[in-house]
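Asker: Fold the following, please.
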Amino acid sequence: MTGTHQSVDNNEDEQHKLGRSPTKAISPQELSLPQKTATGLTSLEPLFHAIHSLFDERDQLMFDTRRSADELDKLLAPVRNALELIDCDLLLNEALYGRSLSNISTKHKVWPIHQKVLPTVDEKGVLRYIHIMEEPDVFSMGIFVFPPGSTIPLHDHPDMCVLSRLLYGSLRLRSYDIISTALQNSTLIERFVKRAFSSSSFNETMLNVKMNSETKMSAPAVTALYPLEGNVHEFICDHANENGGGAAVLDILFPPYNFEERDCTFYEQTSCEKLRAIEQPSDFHCWNGRFGMLGGLEEDKDVTNE
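Answerer: Predicted structure coming up:
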């Protein structure tokens with residue numbers, strides 16, 4: 001992928017696509033202790049507790065993504081429930097003003113926040129990504145901030161589960177189930193080798209899919225995708241939604257993207273049953289940012305610059 005601003009080290013860059021970010025690893029034991037998390041925000045403590053419940057006594061995740069969608073849905077239920085209980089106003093107030101929940105007597109409506117994420121970006125339609133935390137190869141968490149009229153184009157999540165909580169605003173969700181084939185069922189290593197050493201172009205890579213009905217999400221909705229079900233999707237933030245102020249989504253990825261095994265691929269629809277892999281759309285940009293105590297990566301950087 002090509003960026004429009006500054007060049008960065010390629011190895012570091014590979015960690016930044018759609019929610020990847022270099023960060024110090026955080027052990028599972030620390031997830032339930034807000035003073036030791038990447039944010040220090042007590043408003044997220046129930047969510048950290050829920051994620052911690054997914055680990056066994058050996059600090060290993062008690063599920064893998066090869067399970068059925070029904071099994072994964074049941075196992076991830078504590079995290080979904082915690083996401084549903086997040087109070088957007090409390091979270092954003094605590095992030096912006098640095099107050100604990102016990103000290104917030106009056107909640108200020110601070111959203112929409114797309115013009116409050118720092119450093120500011122002059123280009124219209126640029127998404128912002130606010131990194132929260134990551135345990136490499138286990139999970140990552142962050143917030144995507146949509147200005148009005150922005151879109152995250154159609155993309156996949158190889159062998160991953162993703163839970164998304166709409167914090168404010170509304171989005172249109174278009175998604176596709178992946179229809180299993182020999183290529184799509186290949187192991188992670190086989191998939192990487194095929195991508196790295198194949199002489200085929202992106203346009204020759206096709207995905208068999210089943211198109212789902214388009215849905216409109218409004219806060220505080222939570223949606224989930226799995227290795228096959230809903231795995232390829234796009235989010236669309238219309239210019240004129242009910243609050244006119246864009247949207248924000250808190251995403252949790254199990255496990256996060258990485259270049260070697262779980263790289264992100266963009267697609268275009270060729271029919272109701274076929275998607276074609278494409279290069280990243282040239283008009284899609286998503287920049288790191290910080291909002292109060294959240295985010296604050298080391299560089300002003302286009303996270304889609306790869």
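Asker: how many neighbours does V79 have?
Answerer: With neighbours defined by other Cβ atoms under 10 Å, the count for V79 comes to 23. Backbone N, C-alpha and C define where each C-beta goes, glycine included.
Asker: now swap in L92 and tell me
Answerer: 25.
Asker: For the strand or helix carrying it, list every residue counted as buried.
Answerer: For L92, the host element (DSSP states H and E) is helix 88-97. Across helix 88-97, burial judged by 16 or more other Cβ atoms under 10 Å covers C88, D89, L90, L91, L92, N93, E94, A95, L96.
Asker: Could you pull up the residues touching the first one?
Answerer: When the contact criterion is Cβ atoms under 8 Å, 6 or more residues apart in numbering, the partners of C88 are W111, L167, Y168, A219, P220, A248.
Asker: And the fifth one, by the same measure?
Answerer: Contacts here follow Cβ under 8 Å, 6+ apart; on that basis L92 touches V110, W111, I113, L167, F291, G292.
Asker: Tell me, how many residues neighbour the first one?
Answerer: In other words, V110. 18.
Asker: Likewise for the second one?
Answerer: Using other Cβ under 10 Å as the criterion, W111 is surrounded by 21 other residues.
Asker: K74 in helix, strand or coil?
Answerer: Classification of K74 using DSSP: H, G, I helix; E, B strand; the rest coil returns helix.
Asker: Distance of it relative to Q115?
Answerer: From K74 over to Q115 the distance is 40 Å, taken as Cβ to Cβ, to the nearest Å.
Asker: Equivalent analysis for S180, please.
Answerer: 43 Å.
Asker: give me the low-pLDDT residue ranges for the protein?
Answerer: 1-40, 59, 63, 99-108, 181-204, 240-244, 259, 296-306 (pLDDT under 70).
Asker: For it, which segments are assigned as helices?
Answerer: Residue ranges of the helices in the chain, as given by DSSP state H, are 10-13, 45-52, 69-75, 77-85, 88-97, 188-197.
Asker: rewinding a little: output the buried residues of helix 88-97 as JSON lines; include the columns distance to D56.
Answerer: JSON lines is the format used below for those (distance: Cβ to Cβ, whole Å):
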{"residue": "C88", "distance to D56": "32"}
{"residue": "D89", "distance to D56": "35"}
{"residue": "L90", "distance to D56": "31"}
{"residue": "L91", "distance to D56": "29"}
{"residue": "L92", "distance to D56": "34"}
{"residue": "N93", "distance to D56": "35"}
{"residue": "E94", "distance to D56": "31"}
{"residue": "A95", "distance to D56": "31"}
{"residue": "L96", "distance to D56": "37"}
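Asker: Greatest separation within these: which pair is it?
Answerer: Spatial extent of those (Cβ to Cβ) is set by the pair C88 and L96 at 12.1 Å.
Asker: shouldn't L54 be in contact with L75?
Answerer: Yes - with contact defined as Cβ atoms under 8 Å, L54 reaches L75; the gap is 7.0 Å.
Asker: follow-up on the earlier one: wait, which of the buried residues of helix 88-97 is closest to E268?
Answerer: For the buried residues of helix 88-97, the residue nearest E268 by Cβ to Cβ is C88; the value is 33.1 Å.
Asker: measure that closest one to L253 for me?
Answerer: For C88, the distance to L253 - Cβ to Cβ - is 20 Å.
Asker: for N208, same thing?
Answerer: For N208, the distance to L253 - Cβ to Cβ - is 24 Å.
Asker: Which one's more surrounded, the two?
Answerer: L253 (23 against 15).
Asker: Test my guess that that one contacts M160.
Answerer: Yes - counting by Cβ under 8 Å, L253 sits close enough to M160 to count as a contact (5.9 Å).
Asker: Please name the residues that touch the nearest residue to I86 once chain neighbours are set aside.
Answerer: Counting by Cβ to Cβ, 6 or more residues apart in numbering, R165 is the residue found nearest to I86 once chain neighbours are left out, at 6.3 Å. R165 makes contact with L83, E84, I86, P220, A221, V222, V249, L250 under the criterion Cβ under 8 Å, 6+ apart.
Asker: how many other residues sit next to the first one?
Answerer: Okay, so that is L83. Other residues close to L83 by other Cβ under 10 Å number 24.
Asker: so how far is K74 from it?
Answerer: From L83 to K74 the distance is 16 Å (Cβ to Cβ).
Asker: Kindly report the same for the third one.
Answerer: Per Cβ to Cβ, I86 is found 21 Å from K74.
Asker: In terms of neighbours, single out the busier of those two.
Answerer: Taking other Cβ under 10 Å, I86 and K74 do not tie; I86 has more neighbours (17 against 12).
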